[in-house]
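S.K.: need a 3D model of the following:
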Amino acid sequence: MRDAGLLRDLAVAGRSLERAERTRHAAEGAHDPTATPYFVLEDLLGGLDLVADSHLLDVGCGAGRVLAYFVGAALPGHVTGVELDPALAAEAAAWSARYPNVSVVAGSALDLPLADYTHVYLFNPFDTPVLAAFLDKLECEAVGPVTLVHMSDNGEWPAYVGRARWTVLREGTFELPGEEGDCPQHFTVRQLDFT
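M.R.: Got it, this is the predicted structure:
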C-alpha cells in the first residue's frame, strides 16, 4: 500500500510526500507531520459535497499529501494547506505551484483568516488546547456552514464538548498500514451549523 501511495505522490507532486521526522514546533502544540494514506482520503474527502466554489483547508498540511489527493482526484473547488513548519510549507508550495487551484500558507492556522473556507481537514495536527482555540476561531469567523473532517488517535474529543453548533454527520475508525493492532485512528465528520 505504501508503494501505491508513493506512485500517487510521484504522479502529482514528483516526490514522496511521506515524512518520518519529529516536529520542530512541539512547544507550540504541533504534532509530528504525518501523511494521510490515500485510501483514507478517498473515504473521507472523496465523499464530501465539494462543488466549484468550495474551499478546503488542510490544517498542518506537511509536504502536501491532501493537496496531492485533491489534485489527483480532480476534486472541484480550491484547496489551501497551512503549515507551521516553514521548510515543509516551502516544499508543499514548490511542487504545488503549477496547480492553480492549490495554495500553501506558511504559518499558524490560528493566524489565518477562516471566513473563506467551506471544508476543513485535520489529521491530528496539534494538541487539544490549540484545537479548541482553532474551533473557537472557526466558529467566530465562519460566514456559512463548514464541514470539518477530523482524524486522530489522541482523543481530542473534549475540545468539541459543549459546542452546540456542531452536528456529527459520520464517525468511525481506520487501521493504518504498519499500525494494525495499535490504536486505531478515529475520525469524525462534523457540520458547523450556520444560523
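
S.K.: ranges for the helices of this structure?
M.R.: For the chain, applying DSSP state H gives helices covering 2-13, 38-44, 65-72, 86-96, 128-141.

S.K.: keeping just the C-alphas, turn the shortest one into PDB.
M.R.: Listed in PDB are the C-alpha atoms of helix 38-44, where the atom choice follows Å, rounded to 0.1, in the frame of the first residue of the first chain:
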ATOM      1  CA  TYR A  38      -4.700   7.800   0.100                       C
ATOM      2  CA  PHE A  39      -7.300   5.100   1.000                       C
ATOM      3  CA  VAL A  40      -8.400   7.200   4.000                       C
ATOM      4  CA  LEU A  41      -8.500  10.400   1.900                       C
ATOM      5  CA  GLU A  42     -10.700   8.600  -0.700                       C
ATOM      6  CA  ASP A  43     -13.100   7.700   2.000                       C
ATOM      7  CA  LEU A  44     -13.200  10.900   4.000                       C
END
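
S.K.: identify the bridge partners of the nearest residue to residue 44 once chain neighbours are set aside.
M.R.: For residue 44, ignoring the flanking residues on the chain, the nearest one in space by CB to CB, 6 or more residues apart in numbering is residue 149 at 5.1 Å. (Each C-beta comes from the backbone N, C-alpha and C, glycine too.) Counting by DSSP bridges, residue 149 is bridged to residue 121, residue 189.

S.K.: pretty sure residue 149 sits against residue 50.
M.R.: No - if you go by CB atoms under 8 Å, residue 149 and residue 50 don't touch, sitting 11.6 Å apart.

S.K.: buried residues, stretch 99-116. List them.
M.R.: For stretch 99-116, the neighbour count (16 or more other CB atoms under 10 Å) marks 99, 101-106, 108-110, 112, 114 as buried.

S.K.: show me the two of these that sit farthest apart.
M.R.: 99 and 110 (26.0 Å; CB to CB).

S.K.: before we move on, the earlier item: show me the contacts for the residue nearest to residue 44.
M.R.: Neighbouring residues of residue 149 by CB atoms under 8 Å, 6 or more residues apart in numbering: 44-45, 48, 119-122, 187-190.

S.K.: gap between it and residue 16?
M.R.: 23 Å (CB to CB, to the nearest Å).

S.K.: kindly report the same for residue 59.
M.R.: For residue 59 relative to residue 16 (CB to CB), the value is 21 Å.

S.K.: angle of the lowest-mean-pLDDT helix or strand in the chain against helix 65-72?
M.R.: Across the helices and strands of the chain, the lowest-confidence element by mean pLDDT, DSSP states H and E is helix 2-13, at a mean of 90. Angle of helix 2-13 versus helix 65-72, following axes from the mean of the first three to the mean of the last three CA atoms, to 10 degrees, is 70 degrees.

S.K.: ok, and for helix 2-13, which residues are buried?
M.R.: Across helix 2-13, burial judged by 16+ other CB under 10 Å covers 5, 8-9, 12-13.

S.K.: likewise stretch 51-69?
M.R.: Neighbour-count burial for stretch 51-69 [16+ other CB under 10 Å]: 54-69.
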